[in-house]
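> the following comprises the amino acid sequence and a computationally predicted model.
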Amino acid sequence: MQLFKYPHLVQNEILNHTEFSDLFMLSFVSNKMKKLIKSSSQMQRFRSVNTIRYNHRSARTYVCIPFHYFHDNILKIVKRDDSKNDYFQLNVSGKIVDFSISYKHKKYFPVAFHQPDGFKSLIESIHNYLLDFFGDSVEFYWEAHNYKKPIPQLENLTALLHLRHGLTESDILDMTRFENFISSSPVLKCIDSDILNVPAPMSPESKFYQAEYIETWQPEPTLPAILRYFQGRQAFLKWWKCDTQNVIEFVNKWKSGEAFHKLEHLKIKNYENEFPQNEILDAIGAQHIDHAKKPPTHILPKIYFDIAFQKEAHTDPITSYTYVVRRTDNRVASVSIDGGIFSFGVWDKTEEEFLRIVE
Amino acid sequence: MSSTEQGTSSAAPAEPTTAPESAAAPEVPESFYYVHGKDKVVHKVSAGALQHSALIHGMISNLGYTEEQAKANPFPFENIDGDILQMVVDWCNQHKGKPTPPEDTNLPKQKEKLFDLVLAVNYLEIKELLTYCCKQVAMMVKGKSPEEIREIWMIPTDAEDEAAEKEAKKRAGKEAAGETAAAAGDAK
């Protein structure tokens, strides 16, 4: 059976039914084959996917493509196991790499092996190979699930941190290691973490606060002090206990133009208590829209959205009669306080423009 | 619903089975056509089954053959092996008037047979069967290393591709030189 003897349409149809992990292996068969995949409608299939993720856990890294409800693994990267001998070698962007084929959860996928000190160079080779293969048609994400190894600084790579840490009392965040992870990694696009046992404050200059999006569950509002030092665009903070003063301080700082210049959306969910609505609205000097009118709804696309496991691609809508105005540029932010939920949505509009869209 | 006859297209095919009569109104009897492959074995197939093939459907849709005319003029598919055409006819009969299932497990497992079936199905433009076949071909390389894939799909190495390309260039050069010489000869 000679694949190249088939008409082009048939070759396309075959490749269309070939799994992504097999296509990855297929791309190593010959230059002509690689060219065929690149020129075929396969690339349309990849373009529709648009994203490749490196899911990095402590002992393994999966290269996968996110689909609705699952991540399709196309490659696994692990440390070489010398007890195995079923390796085959492939040239990955000029580096000879040991591979084998693994079968897990009813799926075959290739595994690339690195020597104990060869992780970084292997990742670079694989990333270069994927960059060459896909060009700039897809976005690359690296999601770290721990803070042992910094996220590599690679071309066109967006960094994410997904940390479920501190589920037991003894599981205390290693601050030095964590700060080192954050400072050595690229600026993070998204941090999604449950940080229960943070023993000390982070440096206000920490790149942690520069993440574009932060979602945390934390028992102490000031550990970490996101509401004080956040420099990103969107945040969702889940607190165990309320800190009203912190919220007031945050809004007043935003109003003065002293901080939070890039902020677009903030939501705080307080689990134990409700926010004292009147106290906060008075303290921040909130203004009110005429109740006979209908306030506009603030909603934005989320900074980061994983098609596989997240349902909502947009921030929670805020429709509120109360708002504040930033003194430096007259920009408006809608403020909503509803029980234990505080929402803050910044409009790209001056107060005059904002009031014009109030129906 | 079909019958296969050993021999040539002139052999008399079996009579078509008649459809059960409806109590309300008599049904229009189904029309049949005849096809043969490289081996000249004639297959009698209903128009309903042949609808799967866009190529044949296009050929017969305006013919208006009588049974005798159809019998006397089987469609020749000399580029398709007899056993492959038999598979295609069987598949069309099995799926006549039915929605096609998502999988088909009755496809040949042997590589060469499947290869020929794909070519035949592509030629006859049977979309659903082509999809099944291509899925089956894709399945062959599931979980295989590049070397194993090369063997299964007989993909030449880079060196072989380069050599073939050189050879093709050389041949093209020679042919071009031959044409130039011939043209010069004609001019004289």
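In hand now; what should we look at? Numbers count the residues shown, from 1 in each chain, chains lettered A, B, ... in the order given.
> so for stretch B:111-123, mean pLDDT?
What stretch B:111-123 shows for mean pLDDT is 91.
> ditto for stretch A:142-155
93.
> go on, stretch B:163-175?
90.
> also stretch A:60-70?
89.
> swap in stretch A:331-348?
Here the average pLDDT along stretch A:331-348 is 97.
> equivalent analysis for stretch A:87-95, please.
On average, stretch A:87-95 scores 95.
> figure out the length between the terminal residues of that stretch.
15 Å (CA to CA, to the nearest Å).
> touching the helix or strand residue A:254 falls within from outside, list them.
Assigned by DSSP states H and E, residue A:254 belongs to helix A:244-256. Residues from elsewhere that reach helix A:244-256 (CB atoms under 8 Å, 6 or more residues apart in numbering or on different chains): A:221-222, A:227-228, A:259-260, A:263, A:266, A:268, A:275-276, A:279-280, A:283-285, A:324-328, A:333, A:335, A:342, A:344, A:346. Using the backbone N, CA and C atoms, a C-beta is placed for each residue, glycine as well.
> what subset of these is buried?
A:221, A:227-228, A:260, A:263, A:266, A:268, A:275, A:280, A:283-284, A:324-326, A:333, A:335, A:342, A:344, A:346 (16 or more other CB atoms under 10 Å in any protein chain shown).
> which of those fall in helices?
Counting by DSSP state H, the buried ones among the contacts of helix A:244-256 place A:227-228, A:280, A:283 in helices.
> between the residues you listed, which sits nearest residue A:314?
The closest of these to residue A:314 turns out to be residue A:227 (CB to CB; 22.4 Å).
> I'd guessed that closest one sits against residue A:221; true?
Yes. Counting by CB atoms under 8 Å, residue A:227 touches residue A:221, with 6.6 Å between them.
> same question for stretch A:239-256, mean pLDDT?
In the prediction, stretch A:239-256 has an average pLDDT of 92.
> now do the nearest residue to residue A:321 once chain neighbours are set aside, the pLDDT please.
Closest residue in space to residue A:321, ignoring its immediate chain neighbours: residue A:289 at 4.6 Å, by CB to CB, 6 or more residues apart in numbering or on different chains. Residue-level confidence at residue A:289 comes out at 95, pLDDT.
> now do the shared contacts for residue A:227 and residue A:221.
With CB under 8 Å, 6+ apart, residue A:227 and residue A:221 have common neighbours A:237, A:243, A:246.
> nearest to chain B, of the residues you listed?
residue A:237 (44.9 Å; CB to the nearest CB).
> once you drop chain neighbours, what's closest to the residue in the stretch 151-300 of chain A positioned nearest to chain B?
Using CB to the nearest CB, the closest approach of the stretch 151-300 of chain A to chain B is made by residue A:154 at 24.5 Å. Nearest residue to residue A:154 in three dimensions, chain neighbours excluded: residue A:127, at 4.8 Å (CB to CB, 6+ apart).
> what does residue A:206 give?
Using CB to CB, 6+ apart, the nearest residue to residue A:206 is residue A:182, at 5.9 Å.
> helix, strand or coil for the one you found?
helix (DSSP: H, G, I helix; E, B strand; the rest coil).
> need the contact list for the residue of the stretch 151-300 of chain A closest to chain B.
So, once contact is read as CB under 8 Å, 6+ apart, residue A:154 ends up touching A:123-124, A:127, A:140, A:142.
> return the member of those nearest to chain B.
residue A:127 (19.7 Å).
> break down the stretch 151-300 of chain A into its strands, ranges please.
Taking DSSP state E, counting those that start in this stretch as the criterion, the stretch 151-300 of chain A carries its strands at A:157-165, A:188-195, A:213-218, A:234-239, A:265-270, A:287-288, A:297-298.
> so which of those strands is nearest residue B:170?
Nearest of the strands of the stretch 151-300 of chain A (CB to CB): strand A:157-165, 45.8 Å.
> give me the distance between the spatially most central residue of chain B and residue B:43.
Closest residue to the average C-alpha location of chain B: residue B:120 at 2.2 Å, with CA atoms, centre = their mean. Residue B:120 is 13 Å from residue B:43, where distance means CB to CB, to the nearest Å.
> do the same with residue B:147
Residue B:147 is 41 Å from residue B:43, by CB to CB.
> comparing those two, which residue is more hemmed in?
More crowded of residue B:147 and residue B:43, by other CB atoms under 10 Å in any protein chain shown: residue B:43, with 25 against 14.
> quick check: residues of chain A near chain B?
By CB under 8 Å from any CB of the partner chain, the residues of chain A that approach chain B are A:1-4, A:6-7, A:9-10, A:13-19, A:22, A:25-26, A:28-33, A:88, A:90, A:99, A:101, A:103, A:108-109.
> just the residues you listed: which are in strands?
Taking DSSP state E as the definition of strands, the residues of chain A next to chain B contribute A:88, A:90, A:99, A:101, A:103, A:108-109.
> how about these, which pair is most distant?
That would be A:90 and A:103, which, of those, are the farthest apart (CB to CB) at 18.8 Å.
> now residue A:63. Its backbone dihedrals?
Per-residue torsions, residue A:63: phi -100, psi 120 (degrees, to the nearest 10).
> that one touches residue A:77, doesn't it?
Yes. Between residue A:63 and residue A:77 there is a contact under CB under 8 Å: 7.1 Å.
> between the two, point out the one with more neighbours.
residue A:63 (25 against 20).
> circling back: return the subset of the contacts of residue A:154 lying in strands.
Short answer: the contacts of residue A:154 in strands (DSSP E) are A:140, A:142.
> quick one: distance of stretch B:112-119 to the chain centre.
From the chain centre to the centre of stretch B:112-119 is a distance of 9 Å (CA atoms, centre = their mean, to the nearest Å).
> and that stretch, which residues are buried?
B:113-119.
> go on, stretch B:85-103?
Applying 16+ other CB under 10 Å to stretch B:85-103 flags B:85-93, B:95-96 as buried.
> quick check: of those, which lies closest to residue B:154?
residue B:87 (21.9 Å).
> test my guess that residue A:157 contacts residue A:142.
Yes. Residue A:157 is in contact with residue A:142 according to CB under 8 Å; the separation is 5.5 Å.
> who has more neighbours, the two?
residue A:142 (24 against 19).
> could you look up the SS state of the residue nearest to the more buried one when sequence neighbours are not counted?
Spatial nearest neighbour of residue A:142, excluding adjacent residues (CB to CB, 6+ apart): residue A:54 at 4.5 Å. State at residue A:54, reduced to three classes by three-state DSSP: strand.
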